[in-house]
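Novice: Need a 3D model of the sequence below.
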Amino acid sequence: MHWSPTTRQMEVIIGVAFIGLALVVIRESLLLGAGWASIGPQPGMFPFISAAVMGLCGLGVCVQALNHGGGGRPFADPSEFREVLRVAAPMVLAVVLLPYLGFYLVTALYIGLFAAWYGRMRWYLVLPLGILIAVVAFYAFEQGFKVLLPKSILYGYILPF
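Specialist: Reported below is the predicted structural model:
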């Protein structure tokens, strides 16, 4: 038997997934320290606030879907589902590569390759975009927020991240 989800069902599933992910991030950010120290915000404060907003948005999606969601309309036809996979597959690949390439290289590759593949941007625009985003993310998280993120296997040899 083939299950074809309705729009309402998918909205509730996504809302619950956002709430679940938000709870995991809130828990981890509390372990880092999500308050205000004498020198400023603790490392978990930004993730805590972001996760709290994400959880509230997930709750809003669930409430809206249950009150007046898409009803019995089908979620997606096969061509729409292919488009979803075109976006989701690179994300899954990025998560798989994260332990080996680190957060910053994966971010640069993901943004760059996605812009080239899906956005059809030229390589001379994609290359500086990927590098710029990786460098800005590095300084924002490592230097600004003092949050250590996974480093690549090249850390210490070639790259500072």
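
Novice: my read: residue 110 touches residue 90, true?
Specialist: Yes - when contacts are counted by C-beta atoms under 8 Å, residue 110 is listed as touching residue 90 (6.3 Å). For glycine as for every other residue, the C-beta is placed from the backbone atoms N, C-alpha and C.

Novice: ok, the two, which is more surrounded?
Specialist: Ranked by neighbour count (other C-beta atoms under 10 Å), residue 110 and residue 90 place residue 110 first, with 20 against 16.

Novice: For that one, what is the enclosing helix or strand?
Specialist: helix 78-117 (DSSP states H and E).

Novice: Tell me where the model's unsure across this structure.
Specialist: Where the chain drops to pLDDT under 70, the residues are 1-3, 69-71, 159-161.

Novice: quick one, helices of it?
Specialist: 7-32, 45-68, 78-117, 123-138 (DSSP state H).

Novice: To residue 39, which of those helices lies closest?
Specialist: helix 45-68 (12.2 Å; C-beta to C-beta).

Novice: same for the closest one, what does it pack against?
Specialist: helix 7-32 (3 or more C-beta pairs under 8 Å, 6 or more residues apart in numbering; DSSP states H and E).

Novice: roughly how far is the helix it packs on from the heart of the chain?
Specialist: Centre-to-centre, helix 7-32 and its host chain are 12 Å apart (C-alpha atoms, centre = their mean, to the nearest Å).

Novice: just the angle between it and helix 45-68, please?
Specialist: Taking axes from the mean of the first three to the mean of the last three C-alpha atoms, to 10 degrees, one finds that helix 7-32 is oriented at 160 degrees with respect to helix 45-68.
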